[in-house]
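Visitor: sequence and predicted structure, then a few things I'm wondering about:
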Amino acid sequence: MAPNSDTTFLQGYTKSNNNNNDVSQKPSKLSMETLQRTISDISFELMSQEALTGSEKATLPLPPISEVEDAKCECCGMSEECTPQYVKKVRGTYGQMICGLCSEAVKEEMEKNGGKREEAMRAHVSACARFNRLGRAYPVLCQAEAMRDILRKNRANSLSPRDKGSMNRTVRGGIARSSSCIPAITKEINHRNKA
């Protein structure tokens with residue numbers, strides 16, 4: 001067992017007092033220089049041990065550095081820098097190369113439809129195709145369609161009593177007629193035939 005550092009200092013103090021009774025000396029404090037020297041010695045020992053074991057590691061071949069390449073998302077068309085291993089992993093998971101945004105959208109779609117990856121992928125690809133077809137060419141139409149969808153969802157979740165009665169009908173959202181126009185058309189056709 002290593003000696004206690006306090007007892008070591010006290011022994012040095014009592015020896016110096018026995019030799020020189022007139023001058024009282026305090027135990028020496030550990031200076032920053034001593035601590036730095038100790039840290040340096042320990043780090044040197046560690047480095048020399050690593051150097052010995054490092055020669056064994058030097059014989060192992062280094063792994064190849066993977067090159068980064070541009071990969072284009074097959075859903076939205078966005079390209080991002082990926083390693084070939086990542087592209088292979090994504091294609092193995094989803095069946096095609098998709099970007100990180102599309103993969104998150106597919107994951108959310110999977111949560112909605114119960115974990116079916118193929119259906120979620122199909123739904124997301126169709127949404128991206130519709131956006132690329134309309135949204136980029138006609139942004140105003142895309143905004144109008146989004147507003148229409150928001151209104152439909154809001155109307156379906158409405159708490160208005162007027163909407164409660166319409167819940168029983170199978171056809172929703174149509175314009176109701178006050179009367180039929182067929183008798184007026186028939187009357188006009190008959191009047192032309194007589195004349």
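Guide: Nice, thanks for sending it over. Numbers count the residues shown, from 1 in each chain.

Visitor: burial count for Asn132?
Guide: 13 (other CB atoms under 10 Å). Heads up, the C-betas are built off the backbone N, CA and C, glycines and all.

Visitor: so what's it up against?
Guide: Under the criterion of CB atoms under 8 Å, 6 or more residues apart in numbering, the neighbours of Asn132 are Cys76, Gly77.

Visitor: give me the three-state assignment for Ala71.
Guide: strand (DSSP: H, G, I helix; E, B strand; the rest coil).

Visitor: my read: it touches Gln85, true?
Guide: No - using CB atoms under 8 Å, Ala71 is not in contact with Gln85; the gap is 11.5 Å.

Visitor: mind checking which of those two has more residues around it?
Guide: Using other CB under 10 Å as the criterion, Ala71 and Gln85 rank with Ala71 on top: 20 against 9.

Visitor: tell me what that one is bridged to.
Guide: Glu80 (DSSP bridges).

Visitor: what is the least confident helix or strand in this protein?
Guide: Ranked by mean pLDDT, DSSP states H and E, the weakest helix or strand in the chain is helix 5-19, scoring a mean of 51.

Visitor: dump whichever helix or strand Ala144 is part of to CSV, keeping only the CA atoms.
Guide: Taking DSSP states H and E as the definition, Ala144 sits inside helix 139-156. Below are the C-alpha coordinates for helix 139-156, written out as CSV (Å, rounded to 0.1, in the frame of the first residue of the first chain):
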residue,chain,number,x,y,z
PRO,A,139,-47.7,28.3,-57.6
VAL,A,140,-51.0,30.2,-57.3
LEU,A,141,-53.0,27.1,-58.3
CYS,A,142,-51.0,25.1,-55.7
GLN,A,143,-51.8,27.7,-53.0
ALA,A,144,-55.5,27.7,-54.0
GLU,A,145,-55.6,23.9,-53.8
ALA,A,146,-54.0,23.9,-50.4
MET,A,147,-56.5,26.4,-49.2
ARG,A,148,-59.3,24.3,-50.5
ASP,A,149,-57.9,21.2,-48.7
ILE,A,150,-57.6,23.2,-45.5
LEU,A,151,-61.2,24.4,-45.8
ARG,A,152,-62.4,20.8,-46.4
LYS,A,153,-60.6,19.5,-43.4
ASN,A,154,-61.8,22.4,-41.3
ARG,A,155,-65.4,21.8,-42.4
ALA,A,156,-65.2,18.1,-41.6
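
Visitor: what is the mean pLDDT for that helix?
Guide: Average pLDDT, helix 139-156: 85.

Visitor: Three-state assignment for the closest residue in space to Lys112 that isn't next to it in sequence, please.
Guide: Excluding the flanking residues, the one nearest Lys112 by CB to CB, 6 or more residues apart in numbering is Ala120, at 7.7 Å. Recorded secondary structure, Ala120: helix (three-state DSSP).

Visitor: and for Ala120, the neighbour number?
Guide: 21.
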